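# This is a predicted model, with the sequence first.
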Amino acid sequence: GAVSSRKGRFEMADGGTLFLDEIGDVSPAFQAKLLRVLQEGELERVGGGRTLKLDVRLLAATHRDLEAAVDGGHFREDLYYRLNVMPIVLPPLRERLEDLPKIAKHLLDRLGGLQRRPLRLSAGAQRRLAQHHWPGNVRELENCLERAAVMSESGEIDAELIRIDRVRERSGRRPTGAAPAP
């Protein structure tokens, strides 16, 4: 069972902000509980019958089209309107390739910190990255760079170390919004 004295994420975020990733994937039961928290400002702790008053600002993200999910009956309309107060649409990486060098540098700095060594992209590696359409967005880029960093002995990542997954091409799937091949 749940430990009744342990604070959950909403409790820990009381008076602050809580980020919920992939909100479009949550169960109908969680959607109902989340709606209550947002409407009433209260929740019942798991493992305890006590109701807690909370003041939490919620940020939520999803890769799903929530309007389509509402239309299809997979996402609560009332919760959609509660969450959609200030929508921020972040275009996919393939539509903002000019950001790719800065994002790659940030990811390499973080990976370099974990590996305790500096990591750099060669000009050829940068060109190779810019040629891909990144259907998996930043997560795919991060995975690609992590693989290359592990394979690099010197910390210099050249084009030969950049391995692009071709899963979507092999499976016949294409990224959302992409046109079929002629």
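That came through, no problem.

# use CA for all of it now, contacts and neighbours both
OK.

# Do you have the helices of the protein handy? List them.
Along the chain, the segments classed as helices by DSSP state H run 9-12, 28-40, 66-71, 77-83, 100-115, 123-131, 137-151, 167-171.

# So which bits of the shortest one are buried?
Across helix 9-12, burial judged by 16 or more other C-alpha atoms under 10 Å covers 10-11.

# Name the residue closest to the centre of this structure, please.
The chain has Asp21 as the residue nearest its centroid, 6.0 Å off, counting by C-alpha atoms, centre = their mean.

# List phi and psi for the residue lying closest to that residue once chain neighbours are set aside.
Nearest non-adjacent residue to Asp21, counting by C-alpha to C-alpha, 6 or more residues apart in numbering: Ala61, 4.9 Å away. Dihedral angles of Ala61 (phi, psi; degrees, to the nearest 10) stand at phi -130, psi 150.

# Tell me, how many residues neighbour Ala61?
When neighbours are defined as other C-alpha atoms under 10 Å, Ala61 has 16 of them.

# Number the chain from 15, please
Got it, first residue is 15 now, which makes that one Ala75.

# check contacts around it.
33-38 (C-alpha atoms under 8 Å, 6 or more residues apart in numbering).

# hang on, Pro149 packs against Arg108?
Yes. Contact criterion C-alpha atoms under 8 Å: Pro149 and Arg108 qualify, at 7.4 Å.

# returning to that earlier point: ok, the residue nearest to the centre of the chain touching Ala74?
Yes. Taking contacts as C-alpha under 8 Å, Asp35 lies within contact range of Ala74: 5.7 Å.

# re earlier: can I get the helices of the chain in a markdown table with distance to Arg64 and mean pLDDT?
Listed next are those as a markdown table, based on distance: least, C-alpha to C-alpha, whole Å; pLDDT from 0 to 100:
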| stretch | distance to Arg64 | mean pLDDT |
| --- | --- | --- |
| helix 23-26 | 13 | 91 |
| helix 42-54 | 14 | 94 |
| helix 80-85 | 32 | 97 |
| helix 91-97 | 24 | 97 |
| helix 114-129 | 41 | 97 |
| helix 137-145 | 52 | 96 |
| helix 151-165 | 39 | 96 |
| helix 181-185 | 48 | 49 |
